[in-house]
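Novice: quick one, structure for this:
(chains A and B)
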Amino acid sequence: MGDLDKKIISKIYLYETKKTFVQIILWSLLAIFFLILSIFFGTVIWGLLIEQESFDFLAILNQDVEVIKKFLFDNIFIFFAEIPKTLIVVFTIIIILLLFVIYGMIKNYKKNRNKIKSIISFWKKKI
Amino acid sequence: MSMTLNDREAITKIKEGKIEYFKVIVDKYTRIIFGYFRKRLSIKEDAEDLTQNCFIKFYKNIEKFNEDKEISPYLVQIAKNELKMFYRQKKPTLSLNEEMAGKLENETNFSKDYLEIINGLPKKQAKILKLLSEGFSYQEIADKLDRPLNTIKTIIRRVRLKIGKQHKWEI
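Specialist: The predicted structure is shown next:
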């Protein structure tokens, strides 16, 4: 391998090292960010539902079948009327984004693993 | 790593993240690309720099590269573009003297009119004209806008005709 070939390969590895690590860090930060957001919104929504005692409608399930038949739909309707809709929409969007980021990370996992292996072995040889 | 791999296999491996297989491509094509530059450039270091740029550009675009196609024409095309850019950067510049300053005044008027014309054109045509005035070749404009070369040529011809009717300039 000539000097020029070595220079080209070095530059390629330098470029790829920067790109791969920036990508991994960015994707990880995004995943952490959406995870924290989803935990935050999840906690807030859960807290609200507990505070409103919205889950009390489940107590109807302990009643007789006749009572359940008569009041189940009313209770469900009241439950949906009570829930904080805007927060739940935001929470759903965050969860979708989180899933998208996780999917991206899983999809590129094998490729990134190979890249990191190549990069490490190259720089090890250099050192 | 087996060095008997063909280009297609090497590209597939690189796309899978196995960067070490780029050596196969570099080993095979460095001489061709370096030779191309060496024939056209007197300074060896320039030829080496351009060869490096060429391979880096190829690597950056390897995800889009169709492994069923030949590598050498693609690399030579990158080399041609690199050479054009190199010549463009090396264009001699002159310092401004009084005589030239007078000429510049006329050119400024021309630029104003030119800007008016560009603003009057549809967005797509204006963009192409702007790139053309910045010194980009037809091929570079086509690559930049992701359009076929012939479409760019047609648009430019239409704009020329259009402007030619209003003004007696040549673009």
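
Novice: quick check: residue A:47 vs chain B, distance?
Specialist: Applying CB to the nearest CB, to the nearest Å, the value for residue A:47 to chain B is 44 Å. Every residue, glycine included, has its C-beta placed from N, CA and C.

Novice: so residue A:41 is in contact with residue A:90, correct?
Specialist: Yes: using CB atoms under 8 Å, residue A:41 makes contact with residue A:90 at a distance of 6.1 Å.

Novice: of these two, who's got more company?
Specialist: The neighbour comparison of residue A:41 against residue A:90 (other CB atoms under 10 Å in any protein chain shown) goes to residue A:41, with 19 against 16.

Novice: ok, now which ones touch that one?
Specialist: A:87, A:90-91, A:94 (CB atoms under 8 Å, 6 or more residues apart in numbering or on different chains).

Novice: same question, residue B:13
Specialist: Counting by CB under 8 Å, 6+ apart, the residues that residue B:13 touches are B:5, B:21.

Novice: do that again at 6 Å, thanks
Specialist: Counting by CB atoms under 6 Å, 6 or more residues apart in numbering or on different chains, residue B:13 makes contact with residue B:21.

Novice: how about whatever helix or strand it lives in as PDB, C-alpha atoms only?
Specialist: In this assignment (DSSP states H and E), residue B:13 forms part of helix B:7-15. Taking C-alpha atoms only, helix B:7-15 is exported to PDB below (Å, rounded to 0.1, in the frame of the first residue of the first chain):
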ATOM      1  CA  ASP B   7     -16.200  -4.200  -6.300                       C
ATOM      2  CA  ARG B   8     -19.800  -5.200  -5.800                       C
ATOM      3  CA  GLU B   9     -19.000  -7.300  -2.700                       C
ATOM      4  CA  ALA B  10     -16.700  -4.600  -1.400                       C
ATOM      5  CA  ILE B  11     -19.400  -1.900  -1.700                       C
ATOM      6  CA  THR B  12     -22.000  -4.100   0.000                       C
ATOM      7  CA  LYS B  13     -19.600  -4.700   2.900                       C
ATOM      8  CA  ILE B  14     -18.900  -1.000   3.200                       C
ATOM      9  CA  LYS B  15     -22.600  -0.300   3.200                       C
END
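
Novice: break chain B into its domains for me.
Specialist: Per automatic domain parsing, the domain ranges recorded for chain B read B:7-90, B:98-167.

Novice: mind listing what's buried in the helix holding residue B:13?
Specialist: Using 16 or more other CB atoms under 10 Å in any protein chain shown as the burial criterion, the residues of helix B:7-15 that qualify are B:7, B:10-11, B:13-14.

Novice: now these as a markdown table including distance to residue B:86 and pLDDT?
Specialist: What follows is those, written out as a markdown table (distance: CB to CB, whole Å; pLDDT from 0 to 100):
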| residue | distance to residue B:86 | pLDDT |
| --- | --- | --- |
| B:7 | 26 | 87 |
| B:10 | 28 | 91 |
| B:11 | 27 | 93 |
| B:13 | 31 | 93 |
| B:14 | 26 | 93 |
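
Novice: from those, which is closest to chain A?
Specialist: Ranked by distance to chain A (CB to the nearest CB), those are led by residue B:13 at 8.7 Å.

Novice: would you check that residue A:57 makes contact with residue A:77?
Specialist: No: counting by CB atoms under 6 Å, residue A:57 stays clear of residue A:77, with 9.7 Å between them.

Novice: if you count what's nearby, which of the two comes out ahead?
Specialist: The neighbour comparison of residue A:57 against residue A:77 (other CB under 10 Å) goes to residue A:57, with 17 against 11.
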